[in-house]
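J.: I'll drop the sequence and a predicted model, then ask my questions.
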Amino acid sequence: MNKALSGKTAIVTGASSGIGYTTAVSLARAGAAVVVQARRKERLDKLASEILSQGGKALVVAGDASRREEIGSLLERALHWDEGGSKVDIVVVNAGRGLAGGVLSSNESAWREIFELNVLGAAHLMRVAAEYMVERKGGDIVVLGSVVGRNVSPFSGFYGSSKFAIGGLAEGLRREVCAHGVRVSLVMPGIVLSEFQDVAGYDEENFGKGVAPFGKLLDPGDIAAGIVWLLSLPAHVNVNEVTIRPTGQNYP
Ligand SMILES: NC(=O)c1ccc[n+]([C@@H]2O[C@H](COP(=O)([O-])OP(=O)(O)OC[C@H]3O[C@@H](n4cnc5c(N)ncnc54)[C@H](OP(=O)(O)O)[C@@H]3O)[C@@H](O)[C@H]2O)c1
């Protein structure tokens, strides 16, 4: 059966959990061969088994998405993967982490990691992917931003600032590469239930109270479905920004 992304090969970073994990599964179901990256290899092995059991193709490349040399080798590994056709059509720049609080209240020891992962690591991957895709005259780079990268909140001002930065880089890159047939799409989720909240250090009670009025929150599959949708559009159509919120989320 011909599926929307048959014959394509995708890299997904941060694929051991949440949005990345589910996006990798969804891309594989849509026909893409997927190269999955994150630090926790055992999680990636489980993901690859799931994809293989459904008739898909997966390559595990464990690594750190904030380390420049590992980003370069991620692309190289993908380009040497025979089953993936030794090429890359799609790169989902997803690895990232949150941090509770703003300038006054966030944990300062996490500041550097936030920017090294959410901004610099992401930018390096965008660069190596874009250089390769410009040469090939086509491809897709999907970048995970956030609604707090547009509407900063005092509860996540520090993390939000990293998402403002990556949103700016995504739009700047789009303008640099669009004439070469490369699409750049910034996906800005609202609240998605995943490991994100624990890693960010959200206070269970305050977070619960804050989101209670929003009703049903998103699950990672809601974002994955949006990503597969925009990647499945004809090559001349670039959904370059999309915000996906729980229907009841009024802010941020
Ligand atoms: N959940 C939300 O409400 C929400 C809202 C807006 C935007 N986002 C964005 O969506 C993306 C995914 O978030 P999520 O909700 O899926 O969070 P998650 O469940 O915590 O998943 C984060 C993923 O990133 C990986 N990761 C973290 N540090 C890494 C590193 N140094 N190198 C490689 N991988 C690393 C983690 O894997 P390892 O720990 O195994 O490395 C994990 O697979 C992030 O960019 C996040 O900022 C999330």
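T.: Cool, got the structure. What you are looking at is a predicted structure, and each value in this text was computed from that prediction instead of being measured.
J.: please name the nearest non-neighbouring residue to the closest residue to the ligand within the stretch 51-200 of the chain.
T.: Nearest residue of the stretch 51-200 of the chain to the ligand, counting by CB to the nearest ligand atom: Gly96, 2.4 Å away. Quick note: C-beta positions are derived from backbone N, CA and C, even for glycine. Spatial nearest neighbour of Gly96, excluding adjacent residues (CB to CB, 6 or more residues apart in numbering): Asn118 at 4.6 Å.
J.: which SS state does that neighbour fall under?
T.: Look at Asn118: counting by DSSP: H, G, I helix; E, B strand; the rest coil, its state is helix.
J.: can you check Leu47 too?
T.: Assigned with three-state DSSP, Leu47 falls in the helix class.
J.: any idea how far the spatially closest residue to Arg39 that is not a sequence neighbour is from Leu193?
T.: In space, and not counting its chain neighbours, Arg39 is closest to Asp64: 5.8 Å by CB to CB, 6+ apart. Using CB to CB, to the nearest Å, Asp64 is found at 25 Å from Leu193.
J.: out of those two, which sits in the more crowded spot?
T.: Asp64 (18 against 14; other CB atoms under 10 Å).
J.: for the more buried one, give me phi and psi.
T.: phi -110, psi 120 (degrees, to the nearest 10).
J.: isn't it up against Glu70?
T.: Yes - in terms of CB atoms under 8 Å, Asp64 counts as a neighbour of Glu70; the distance is 5.2 Å.
J.: Met188 belongs to a helix?
T.: No - assessed with three-state DSSP, Met188 is strand; it does not lie in a helix.
J.: contact partners for it?
T.: Neighbouring residues of Met188 by CB atoms under 8 Å, 6 or more residues apart in numbering: 145-147, 149-150, 163, 167, 241-244.
J.: of the residues you listed, list those near the ligand.
T.: Contacts with the ligand within those, counted by CB under 6 Å from any ligand atom: Ser146.
J.: how about the residues of the stretch 151-252 of the chain near the ligand?
T.: Contact residues, the stretch 151-252 of the chain versus the ligand (CB under 6 Å from any ligand atom): 189, 191-192, 194-196, 199, 220.
J.: if we can go back for a sec, from Gly7, how far out is the residue nearest to Gly96?
T.: As judged by CB to CB, Asn118 and Gly7 stand 31 Å apart.
J.: what about the two, which has more around it?
T.: Asn118 (28 against 12).
J.: does the more buried one touch Phe164 like I think?
T.: No - judged on CB under 8 Å, Asn118 makes no contact with Phe164 at a distance of 10.4 Å.
J.: show me what contacts the residue nearest to Ser146 when sequence neighbours are not counted?
T.: Leaving aside its chain neighbours, Ser146 sits nearest to Lys163 (4.1 Å; criterion: CB to CB, 6+ apart). Counting by CB under 8 Å, 6+ apart, Lys163 makes contact with 118, 145-146, 148-149, 188.
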